[in-house]
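**Student:** Quick one, fold the following:
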Amino acid sequence: MKNQLFAMYETMVKIRFFEEKAVELVQAGDVCGAAHLCVGQEAVAAGVCATLLPTDYIMSTHRGHGHCIAKGGDLKKMMAELLGRTTGYSKGRGGSMHIADLSLGICGANGIVGAGLSIAVGVGLSALLEKTNRAVVCFFGDGASNQGTFHESLNLAALWKLPIVYVCENNQYAISTSACKLSVGKGIYNRGSAYGIEGFNIDGNDCGVVQEQVAKAVKKAKEGGGPTIIECQTYRVLGHYVGDPCTYRSKEEVNEWKTNKDPLKITEKKLIDSKVATQSEIDAIKEKISKEINEAVDFAKSSPFPEAKDVMEGVYGKSNVDIKVPVSSLPAKGTRELTFRDAINETLRDEMKKDSKLCLVGEDIGIHGGAFQVTKGLYKEFGAERVRETPISENTIVACGLGAAVTGLHPVAEIMYIDFTGLAMDQIVNQAAKFRYMLGGNVDVPLVIRTAGGSGGKANAAQHSQSLEAWFMHVPGLKVVMPSTPYDAKGLLKSALLDKNPVMYIEHKGLYNTKGFVPTEDYSIPFGQADIKRTGKDITIIAVSRSVIMSLAAAEKLAAEGIEAEVVDLRTLVPLDIETIVESVKKTHNVLVATEDCKTGGIAAEIMAQITESCFDYLDSPAARVAGLDVPIPYTPSLEKVSIPGEDDIVKAVKKILG
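**Tutor:** This next block holds a predicted model:
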């Protein structure tokens, strides 16, 4: 224990000196952006990580330099990241708040308060399912305990008895407001009791106390005892960020913590009083670490900034998809037909048989088989371990998928209706989509998010009927898939399950019962490859999902009047196959985009813009669109029907274009 105390002291000095140097660099203008430092909180990181094995995981926060250092992070790479250099952990793309090293079990710091709480659920799930005997320590601040994700995460972690230790660094302030003014109850540690989670409130400035309490919790976690929450009382000596004037607290308060409760001073006294170390040995440690910090600064300053040509590097990762596409997607006589629903179900079943790391998470996906019966039978076949029913916690469902994906599993997260993705937008947009890029392109994120969208005459009203694909098309880092046939549903899902990037796989509710040709042989359809569902010479109709069906029906009506329309099914919005679109428009010289989402700011606007940029000179008339009205989807059928375009609307629009 005495040797461990000296090692923890060395870690604390390293953290303190790193942070103090960061202050100098920010003030000198060398650090590109904001820095949130942990001076005064060093004992928490040092005490926690002293209990962990190299294989154990940590989830960090925006004030996370200390966590990374204590877990073995490379000082040179960390400093280079602060200075925005290519040699940094994230190649200068993440900065102070986004440092990770999965080889050391550092799963990433995070600029969104509380976001790591739910991602840790997925990391814990990986440890549980892979039986690696790893623990997960999730650091969070007092402010994060007031986020809804705090409660969602603790509930699910307790429900599944995940090997997670939640460590709250209560540094007394959430930005500028005292923590005591923002929370009620007997303490943050006590909130876990509502979920049957044991909690402890300890002195976070005594690294020995922290180490001892966390060691017990880690042991319990690894033995299957589930999560623990430990609240560490500590203090943020500096402001919320470097340059914060700190007008919200008194100098007397700050001086009290710095003088009488400084974790370094407390530990130095213990070392000397117990004769574990002499003052000269302590001074020698400080001198050694000071030299290491200066070397890290020199390394960072001598490293190059990223070049402008590399700005897109790391948004998406390459995926080694084995493409096996039958020659024709048209059904042959006597071939097998499946419903859209069954094509998805069969794909999930086939891939789960092949890949033991593939698991499903979502609401009601088990015995019930999902709201639309897409996962029917999978629970019985693969069991509760791999078909994991969750509470109604959309944010944590996606976060769980993300955490599991970056630590070795291949999860499929189901959000019952696309309308409910609004509850998970932080995890979809700020986390999953950006995770690879923020970490320098070094991390694969093989996460598929399945959801059902669209109206389709179901009378589900405004909060269960939306077409929100434009939201996700607008987010760099996501791939967006929207099949229209059972054949495409299976082939595109196969590719999604093999992809190394987060994929939004959007199924239209109105298509689940439609039937179509699905080969028995194994195949997949590459992303970014549109399909010409019908050839024609007079006009190109570009559509996606259920609008493809409407467009094909419209094309048949037009053909009866001598107008031959070519129907292009995009199949994926990201990546978008602009080449197929352009070639078709060059042939027909007229184009209509048919979509179900709202007209204003919808996907049709983007497609029309790209057509204008790529082949304007080939158009005989302006590009046009048929889209949903700018109205929440009404409940009553008479109004719902007119709020989204049908085949007659497409026919009318084509005739108007052709005069």
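**Student:** Need the three-state assignment for residue 232.
**Tutor:** Reducing the assignment at residue 232 to three states with DSSP: H, G, I helix; E, B strand; the rest coil gives strand.
**Student:** which residues does it bridge with?
**Tutor:** Beta-bridge pairing for residue 232 (DSSP bridges): residue 169, residue 202.
**Student:** which residue is nearest the centroid of the chain?
**Tutor:** Closest to where the C-alpha atoms of the chain average out (C-alpha atoms, centre = their mean) is residue 432, at 1.9 Å.
**Student:** residue contacts, that residue?
**Tutor:** 398, 401-402, 445, 447, 449, 477-478, 502 (C-beta atoms under 8 Å, 6 or more residues apart in numbering). Where you see a C-beta, it was placed from the backbone N, CA and C, and this is true even at glycine.
**Student:** Report the two of those residues separated the most.
**Tutor:** Farthest apart among those by C-beta to C-beta are 401 and 477. That separation is 14.7 Å.
**Student:** Would you mind telling me which of those two has the busier surroundings?
**Tutor:** For residue 401 versus residue 477, the count of surrounding residues by other C-beta atoms under 10 Å is larger for residue 401: 34 against 21.
**Student:** what's near enough to touch the more buried one?
**Tutor:** The contact partners of residue 401, by C-beta under 8 Å, 6+ apart, come to 122, 361, 411-413, 432, 447, 449.
**Student:** quick one: the nearest residue to it once chain neighbours are set aside from residue 181, how far?
**Tutor:** If you skip the residues right next to it in sequence, residue 401 has residue 413 as its closest partner in space, 3.5 Å away by C-beta to C-beta, 6 or more residues apart in numbering. Distance of residue 413 to residue 181, computed by C-beta to C-beta, to the nearest Å: 36 Å.
**Student:** what do you get for residue 102?
**Tutor:** Taken as C-beta to C-beta, the spacing of residue 102 relative to residue 181 amounts to 38 Å.
**Student:** which one of these two has more residues nearby?
**Tutor:** Counting neighbours by other C-beta under 10 Å for residue 102 and for residue 181 shows that residue 102 has the greater number, 16 against 8.
**Student:** show me the residues around the closest residue to that one other than its chain neighbours that make contact.
**Tutor:** The spatial neighbour of residue 102 that comes closest, neighbours along the chain excluded (C-beta to C-beta, 6+ apart), is residue 443 at 6.5 Å. Residues in contact with residue 443, defined by C-beta under 8 Å, 6+ apart, are 100, 102, 406, 435-436.
**Student:** Dump these into a markdown table; add pLDDT as well.
**Tutor:** Formatted as a markdown table, the entries for those read as follows, by pLDDT from 0 to 100:
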| residue | pLDDT |
| --- | --- |
| 100 | 94 |
| 102 | 95 |
| 406 | 97 |
| 435 | 95 |
| 436 | 95 |
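**Student:** Top of these by number of neighbours, please.
**Tutor:** In those, the most neighbours by other C-beta under 10 Å go to residue 100, 29 neighbours.
**Student:** Hmm, residue 90 and it touching each other?
**Tutor:** Yes - the pair formed by residue 100 and residue 90 meets the contact definition of C-beta atoms under 8 Å, at 7.4 Å.
**Student:** joint contacts of the two?
**Tutor:** Listed contacts common to residue 100 and residue 90 are 439, 442; contacts here mean C-beta under 8 Å, 6+ apart.
**Student:** any idea whether the residue nearest to residue 401 is helix, strand or coil?
**Tutor:** strand.
**Student:** contacting residues for it?
**Tutor:** For residue 413, the set of contacting residues under the criterion of C-beta under 8 Å, 6+ apart consists of 361-362, 397-398, 400-401, 447-450.
**Student:** hmm, which of those residues are the buried ones?
**Tutor:** With neighbours counted by 16 or more other C-beta atoms under 10 Å, the contacts of residue 413 contain buried members at 361-362, 397-398, 400-401, 447-450.
**Student:** Spatially, which two of the residues you listed are the most separated?
**Tutor:** Using C-beta to C-beta, the pair of those lying farthest apart is 400 and 450, separated by 14.1 Å.
**Student:** Within the sheet, what are the partner strands of the helix or strand of the chain with the lowest mean pLDDT, with directions?
**Tutor:** The helix or strand of the chain with the lowest confidence, counting by mean pLDDT, DSSP states H and E, is strand 177-178 at a mean of 88. In the sheet, strand 177-178 lines up against strand 173-174 (antiparallel) (DSSP bridges).
**Student:** Now do the partner strand: everything it contacts.
**Tutor:** Around strand 173-174, the neighbours that count as contacts under C-beta under 8 Å, 6+ apart are 141-143, 146, 179, 182, 236, 240, 248-249.
**Student:** And for stretch 234-242?
**Tutor:** Residues from elsewhere that reach stretch 234-242 (C-beta under 8 Å, 6+ apart): 19, 22-23, 26-27, 31, 34-41, 43-44, 63, 169-173, 175-176, 204-205, 244-246, 254, 257-258, 261, 263.
**Student:** Report the mean per-residue pLDDT for that stretch.
**Tutor:** Across stretch 234-242, pLDDT averages out at 94.
**Student:** Sketch out the low-pLDDT regions of this structure for me.
**Tutor:** Scanning the chain for pLDDT under 70 picks out 1-2, 320-334, 456.
**Student:** mind giving me the domain split of it?
**Tutor:** When the chain is parsed into structural domains using automatic domain parsing, the resulting residue ranges are 2-306, 337-517, 531-658.
**Student:** if you compare these, which one is most tucked away?
**Tutor:** Mean neighbour counts were taken over the domains of the chain using mean count of other C-beta atoms under 10 Å, and the top value, a mean of 22, falls to domain 337-517.
**Student:** Show the end-to-end separation of that one, please.
**Tutor:** 5 Å (C-alpha to C-alpha, to the nearest Å).
**Student:** Can you tell me which of the contacts of residue 432 end up in strands?
**Tutor:** With DSSP state E as the criterion, strands contain residue 449 from among those.
**Student:** Thanks again, I'm all set now.
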